[in-house]
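Colleague: whatever this is, show me its structure:
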Amino acid sequence: MMQRRINWKISVLSLLVTTLLLCSCKQVELYERLTNIPGAQWQRSFVPTYKFDITDTTRYYSVFVVLRHSNSYPYRNIWLNVGIRNPQDSMRTQAFDLPLAASDKWLGVGMDDIFERRVLLLPRPVKFNKTGSIEFTLQQQMRIDPLPHILQAGIRVEPVAE
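Modeller: Below is the predicted model:
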């Protein structure tokens, strides 16, 4: 009888903790997608494309480029042409010099010999004025082609906290 009561209390407590954890989890990002770079050799002709829908035109969003590279990546930065197409708009492209290292130390988060760097693309949050499909493209513009030791590249878009 006593053991049954203890088991029941443990079950109820476990259920409450699980419920609290699930309720406290909230999805922050609107969109995040990474593309595997074939053979970890990013050819300039390989241009990943990312599409997602905007339904809320009243919010501001932060846009990040996400890169995963190995410790053997031979440079401290990466030059990317980033393209964006808003709904019913033409593609606009801009070059960005994104730092990956400072003072001989990789920026971002590392595990073993893999490093992930999220770089805020624009200094201020952006507001998408039209609902519909947004498209981003990423093209490496380094002098070397293919660019070695880049494992994944992607885009992250998240709403700015109000």
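Colleague: C-alpha from now on. contacts and neighbour counts both.
Modeller: Noted.
Colleague: so, low pLDDT: which residues of this protein?
Modeller: Filtered on pLDDT under 70, the chain yields the residue ranges 1-29.
Colleague: so which strand or helix has the most centrally placed residue in it?
Modeller: Residue closest to the average C-alpha location in the chain (Cα atoms, centre = their mean): Arg156, at 3.4 Å. Element membership of Arg156 [criterion: DSSP states H and E] is strand 150-159.
Colleague: with Arg33 instead?
Modeller: Take DSSP H and E as the rule and Arg33 turns out to sit in strand 31-36.
Colleague: just grab the bridge partners of Leu34 for me.
Modeller: Listed beta-bridge partners, Leu34: Gly154 (assigned using DSSP bridges).
Colleague: roughly how far apart are it and Asp112?
Modeller: 20 Å (Cα to Cα, to the nearest Å).
Colleague: more neighbours: which of these two?
Modeller: The residue with more neighbours, out of Leu34 and Asp112 and counting by other Cα atoms under 10 Å, is Leu34; that gives 18 against 7.
Colleague: show me what contacts the more buried one?
Modeller: For Leu34, the set of contacting residues under the criterion of Cα atoms under 8 Å, 6 or more residues apart in numbering consists of Val66, Gln152, Ala153, Gly154, Ile155.
Colleague: got a list of what the first one touches?
Modeller: Shown here is Val66, whose contacts under the criterion Cα under 8 Å, 6+ apart are Leu34, Glu116, Arg117, Arg118, Val119, Gln152, Ala153, Gly154, Ile155, Arg156.
Colleague: give me the contacts around the helix or strand that contains the fifth one.
Modeller: When elements are defined using DSSP H and E, Val119 is found to belong to strand 114-120. Residues from elsewhere that reach strand 114-120, judged by Cα under 8 Å, 6+ apart: 62-71, 98, 100, 106-110.
Colleague: spatially, which two of the contacts of Leu34 are the most separated?
Modeller: Gln152 and Ile155 (10.5 Å; Cα to Cα).
Colleague: neighbour count winner among those two?
Modeller: Residue environment comparison for Gln152 versus Ile155 gives the larger neighbour count to Ile155, 24 against 20, counting by other Cα under 10 Å.
Colleague: can you tell me how far that one sits from Met91?
Modeller: For Ile155, the distance to Met91 (Cα to Cα) stands at 16 Å.
Colleague: what does Ala101 give?
Modeller: Computed with Cα to Cα, the distance linking Ala101 and Met91 is 30 Å.
Colleague: same thing with Phe136?
Modeller: Going from Phe136 to Met91 by Cα to Cα gives 9 Å.
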